[in-house]
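*Asks:* Just the structure for this:
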Amino acid sequence: MSDTKEILQQILNDEKLLKSRAFRDRVYTDEPIIRTASQLPRPETPEKIKEMKGLAFTPEAYWKTSAWLFYTQGRFMENFEDVYPYNEDFVKYYPSYRDMSTEQLRGYFSWRTRVRKGKIEKAPTPFVYVYLYELINCIGYAEPTECFQQFRSFCQQYASIDDSIEKYTDTWLRDFIVYYGLDCSLADDLEDVKYDKQLLTLIHWDEHSKDELFTAIDALSSYQLKKSLFYAAFPDDMKEIIVRSFIKLSEFFRDKRKNSLCDKLFGNIVECTYNMFPSSIFYDRQSLRDCEYVLNEIHSYSCKSGKWKCRKYYGNRGRNGHLGDLIKAIDSLMREKKDFKHKISYTGVSKTALKLIQAEIDAMYEEQRRAEAAKIEIDLSKLAGIRKAADSTREKLLVDDEEPEIITAPPEPVIVDEEVPDGVDGSPLDCDEKLFIRALLYGRDTNAAAKSCGKMVSILADSINEKLFDFFGDTVIDFSADSPELIEDYTDELREMFPDNKE
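*Replies:* Have a look, this model is predicted:
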C-alpha cells in the first residue's frame, strides 16, 4: 500500500477522531470521497492531439529546428476543432504546441475554433501568440492575402481587449507583406510606413504644399506644438513661420552644404542585416531564395541566399529631437518678437540657422504691416456728406475772374562735395579685420596678424563672419578646427572684395 493510501486510511479509521465531539454531533450528508491525484478523472485526449504530440518524437524531429516542428504540428492540426471549457491562466515565453499540456491544448483549440467563427474573447496570453505564430506561418488559410486580412483584423479587435500585443504586431504585419510579396499599399496604415511618408514629405519639401509640410513637421518634431501656449494664442503665425523657416533652411543647405537639411536632422539611410518576424516562431520555407521588395524610396528589403537585409533610416523612428530643437527655437524667437508673457529657452541650434529664422520672422511681420497699411476701407454711410462737400467746393471754384497764376522759380540746389575718407572701400570690415582676412586669403601668418591688431584670432573670425553674413548669407570662416579656415565656396568673391595690397 502506498504512503498516500496509508495516510488516508489512518485518518478515516482513527478512533479518537471518530469519537470526538466534531464527529459525534454532526449530521451526516453526502460528501466527496477523498481521492489521490491518480484516482481523479482525467479529460479524454482526442486522438488527433495524441498523433500531433507524437510528431515531436519522430526521427526527423531530432535534427530539425523547433520552428520546423511548430510548422509541422500546426499544419497537422490546421483544421482541428474542439469544445472544451478551459478557464485557467498561465505564462510561457515563445509558447508552442510542444510546451502545453493536453488540457491547455484542448483549451487553445477550443478558443481558436471560436475565433475563426468570429467570436474573439480574452484568452491566456500564450494562446494569443500561438495563434499569431500560426498566421505568420500561413497556417489555417489557403492564400497569404486572406491570412494577412485575418491577421490584421484579429490584431485590431484583440488590441481593445489586451493592447500588449501591439508592440509586435505592426512589425509582423509589415514583415508579412514583405516576405509574402503582397501589395505595398497594405502597409499604409502601419506606424513605421506612416513615419516614412512624413519624412518623404520633408525630403521633397519643394513638391508639397505648406499644409502638408506643417503636418509632417508637427508629426515628427519632439517639441509638440499642441502643448505650446504661444501656438495656442497665435496658431496661424506659428504655422506660417515654421514652414517658411523650414523652406529657407532647406534652400540654404541645398545651395551651401553638401548634405541636405533632412540628412542633418535625421541622419543617413543605412542597410543592415535583418531577421524576419523577430520575437516569433517562424519557419522560413524559402530559405534559399533571392528577392527584393521596395516599400518606398527610403525603405526597402533584399534577400540573397536566404539572408535578409533592410535599407532605411535607422535610429529613433519616432519624434525627432533635432527637429524638436529647431521648432522650439522658432517658438522662443516668436515669443521674443511678440513680447509674449511666457518666455522659453532653447539649445542645439546654430547661429546661422537662428539668423535665417529671425530674418523670416521679421519679413513675415513686415509683410503683415504693409498689407494692413494698404487696406482701403469705404464707409458707405459717409458718401452723402462727401458729395455735399464736393458740391460746395465746386461752387467756390466757379468764379468770374481768374486770378493770375504766380510762378516762382525753384531755389537753386546747394551742391555739397562729399569726400570719401581714406581707406573706406564699401566693405563693412575695419582695418584690423581686413588685415586678418587678407592674411587668410593670401597665405600669411594669421596669428601674427591678430597679434599686430592686439586681438584674439577667434574674436576677429567671429566679427568677420558677423559682418559678412548679409553679403553671403553664411559664415565665411570655419573655426571648427584648431585654426581658422576660409570656406572654399567664397574664396574667389572674397579676393575680389579684398585684393592683396602687397602686390
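
*Asks:* which residue packs closest to Ala233, ignoring adjacent ones?
*Replies:* Leaving aside its sequence neighbours, Ala233 sits nearest to Phe340 (C-beta to C-beta, 6 or more residues apart in numbering; 7.5 Å). All C-beta spots, glycine's among them, are computed from the backbone N, C-alpha and C.

*Asks:* Next, work out how far apart that neighbour and Asp237 are.
*Replies:* Phe340 sits at a distance of 11 Å from Asp237 (criterion: C-beta to C-beta, to the nearest Å).

*Asks:* Overlap in contacts, the two.
*Replies:* Residues touching both Phe340 and Asp237 (C-beta atoms under 8 Å, 6 or more residues apart in numbering): Met334.

*Asks:* Quick one: low-confidence residue ranges for the protein.
*Replies:* For the chain, applying pLDDT under 70 flags the ranges 1-4, 8, 12, 15-43, 375-385, 394-426, 480-481, 502-503.

*Asks:* nearest residue to the most centrally placed residue in it other than its sequence neighbours?
*Replies:* The centroid of the chain falls nearest to Gly318 when counting by C-alpha atoms, centre = their mean (2.8 Å). In space, Gly318 comes closest to Tyr195 once its chain neighbours are excluded; the distance is 7.4 Å by C-beta to C-beta, 6+ apart.

*Asks:* mind checking which helix or strand the one you found is in?
*Replies:* helix 191-203 (DSSP states H and E).

*Asks:* same check, this time on Asp263
*Replies:* Per DSSP H and E: Asp263 is located in helix 261-266.

*Asks:* now for that helix, which elements pack on it?
*Replies:* Here helix 261-266 touches helix 191-203, helix 235-256, helix 321-338, going by 3 or more C-beta pairs under 8 Å, 6 or more residues apart in numbering; DSSP states H and E.

*Asks:* Go through the shortest one and flag the buried ones.
*Replies:* So that's helix 191-203. Neighbour counts over helix 191-203 (16 or more other C-beta atoms under 10 Å) mark Val193, Tyr195, Asp196, Gln198, Leu199, Leu200, Thr201, Leu202, Ile203 as buried.

*Asks:* With the last one instead?
*Replies:* Judged by neighbour count using 16+ other C-beta under 10 Å, the buried positions of helix 321-338 are 323-335.

*Asks:* Same question for stretch 91-107.
*Replies:* For stretch 91-107, by 16+ other C-beta under 10 Å, it's Pro95, Ser96, Tyr97, Met100, Thr102, Gln104, Leu105, Arg106, Gly107.

*Asks:* Return the distance of it from the chain's centre.
*Replies:* Centroid displacement of stretch 91-107 relative to its chain, using C-alpha atoms, centre = their mean, to the nearest Å, is 38 Å.

*Asks:* Kindly format the C-alpha coordinates of it as CSV.
*Replies:* Provided in CSV are the C-alpha atoms of stretch 91-107 (Å, rounded to 0.1, in the frame of the first residue of the first chain):
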residue,chain,number,x,y,z
VAL,A,91,2.5,32.1,-18.7
LYS,A,92,5.0,30.9,-21.3
TYR,A,93,7.6,32.7,-23.4
TYR,A,94,7.7,31.8,-27.1
PRO,A,95,4.9,29.3,-26.5
SER,A,96,4.4,26.3,-28.8
TYR,A,97,2.2,23.2,-29.0
ARG,A,98,5.0,21.1,-27.5
ASP,A,99,5.1,23.2,-24.4
MET,A,100,1.4,22.9,-23.5
SER,A,101,-0.4,20.1,-21.6
THR,A,102,-3.3,18.2,-23.0
GLU,A,103,-5.8,20.4,-21.1
GLN,A,104,-4.1,23.6,-22.4
LEU,A,105,-4.0,22.3,-25.9
ARG,A,106,-7.7,21.4,-25.8
GLY,A,107,-8.4,24.9,-24.3
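
*Asks:* who touches that stretch?
*Replies:* By C-beta under 8 Å, 6+ apart, stretch 91-107 touches 43, 45-46, 49, 52-53, 56, 66, 69-70, 73-74, 77, 82, 84-86, 88, 90, 108, 124-127, 129-130, 133, 281.

*Asks:* Enumerate every residue touching the residue nearest to Glu485 when sequence neighbours are not counted.
*Replies:* Closest residue in space to Glu485, ignoring its immediate chain neighbours: Asp478 at 4.9 Å, by C-beta to C-beta, 6+ apart. Neighbour list for Asp478: Pro484, Glu485, Leu486, Ile487 [criterion: C-beta under 8 Å, 6+ apart].

*Asks:* and the third one, what are its bridge partners?
*Replies:* When assigned by DSSP bridges, Leu486 has beta-bridge partners Ile477.

*Asks:* count of neighbours near it?
*Replies:* Neighbours of Leu486 under the rule other C-beta atoms under 10 Å: 15.

*Asks:* Can you give me the separation between it and Ile477?
*Replies:* From Leu486 to Ile477 the distance is 6 Å (C-beta to C-beta).

*Asks:* who touches both of these two?
*Replies:* In contact with both Leu486 and Ile477: Leu440, using C-beta under 8 Å, 6+ apart.

*Asks:* that's a strand at Glu271, yeah?
*Replies:* Yes: membership of Glu271 in a strand is supported by DSSP: H, G, I helix; E, B strand; the rest coil.

*Asks:* just checking, it touches Tyr313?
*Replies:* No: contact criterion C-beta atoms under 8 Å: Glu271 and Tyr313 do not qualify, at 11.3 Å.

*Asks:* ok, back up a step: chain center to the helix holding Asp263: distance?
*Replies:* 13 Å.

*Asks:* One more: stretch 469-481?
*Replies:* That offset, for stretch 469-481, works out to 32 Å (C-alpha atoms, centre = their mean).

*Asks:* Next: stretch 88-105.
*Replies:* Relative to its parent chain, stretch 88-105 has a centroid offset of 37 Å by C-alpha atoms, centre = their mean.

*Asks:* measure it end to end?
*Replies:* 12 Å (C-alpha to C-alpha, to the nearest Å).

*Asks:* and what of stretch 251-263?
*Replies:* Termini of stretch 251-263 sit 13 Å apart (C-alpha to C-alpha).

*Asks:* who's in contact with it?
*Replies:* Applying C-beta under 8 Å, 6+ apart, the set of residues contacting stretch 251-263 is Leu199, Leu202, Ile203, Phe246, Leu249, Ser250, Lys264, Thr352, Leu356, Gly473, Asp474, Asp489.

*Asks:* Distance to Ser345 added to these, as TSV?
*Replies:* Below are the contacts of stretch 251-263 laid out as TSV (distance: C-beta to C-beta, whole Å):
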residue	distance to Ser345
Leu199	28
Leu202	25
Ile203	30
Phe246	21
Leu249	20
Ser250	25
Lys264	22
Thr352	19
Leu356	20
Gly473	26
Asp474	26
Asp489	33
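
*Asks:* Nearest to Thr169, out of those residues: which one, please.
*Replies:* Leu199 (22.3 Å; C-beta to C-beta).

*Asks:* List the contacts of Phe154.
*Replies:* Val115, Ile120, Tyr131, Leu132, Leu135.

*Asks:* can you pull out the strands in the chain?
*Replies:* 269-274, 291-296, 299-304, 307-313, 477-478, 485-486 (DSSP state E).

*Asks:* Dump the ones you listed into CSV; add distance to Lys434 as well.
*Replies:* Output for these, formatted as CSV (distance: least, C-beta to C-beta, whole Å):
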stretch, distance to Lys434
strand 269-274, 45
strand 291-296, 52
strand 299-304, 52
strand 307-313, 45
strand 477-478, 13
strand 485-486, 14
